[in-house]
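# With the sequence up front, the predicted model follows.
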Amino acid sequence: VTDPNCIFCRIAAGEIPGDIVYQDNQVVAFRDIQPVAPTHVLVIPREHIASVSALNPSQAQLAGALLLAAGAIAEQEGLSEAGYRIVTNTGPAAGQTVFHLHLHILGGRQLGTMG
Ligand code: 5GP
Ligand code: ZN
């Protein structure tokens, strides 16, 4: 299910360009347009889901696939040995700006403390 008004649905569909680093039947990953670390990749489900808060139990397999893909992409990006962070902003208090579920993979520098 895709939302024609959603920028990440449109990147996943190839309608607007993205620097795609990984894709499969369920998941697409591309570089953040405004990176905050030397490696900053966004990992999204092809299906339009607004956030973690909108996930439901029928999507458990997809949720797992998203996390597994993130780990594999981090490995592919050469981050596994030094380490990296996976973040998903959910709602206003976290500053979520794009309401299509995405995991940020951040790496390539020493990351500060959380929050
Ligand atoms: P959020 O603030 O919702 O957690 O993260 C949204 C992220 O999407 C931001 O880091 C922002 O830079 C990125 N972003 C927004 N629009 C685009 C776009 O059109 N292309 C790409 N590659 N990243 C985008
Ligand atoms: Zn979407």
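Looks like it came in fine. Residues are numbered from 1 along each chain as shown. Ligands and ions are numbered 1, 2, ... in the order given.
# The one helix or strand residue 29 maps to near ligand 1 at all?
For residue 29, the element it lies in under DSSP states H and E is strand 27-31. Yes: part of strand 27-31 sits close enough to ligand 1 to count as contact by Cβ under 6 Å from any ligand atom, namely 30-31. All C-beta atoms are positioned from the backbone trio N, CA, C, and that covers glycine.
# Quick check, central residue of the protein?
Most central in the chain under Cα atoms, centre = their mean is residue 43, positioned 2.4 Å from the mean C-alpha point.
# next structured bit after the helix or strand where that residue lies?
For residue 43, the host element (DSSP H and E) is strand 39-45. Next along the chain after strand 39-45, taking DSSP H and E as the criterion, comes helix 60-76.
# Please spell out which residues along that following helix are buried.
Buried residues in helix 60-76, counted by 16 or more other Cβ atoms under 10 Å: 62-63, 65-66, 69-70, 72-74.
# for the strand holding residue 43, what is the average pLDDT?
Strand 39-45 carries an average pLDDT of 98.
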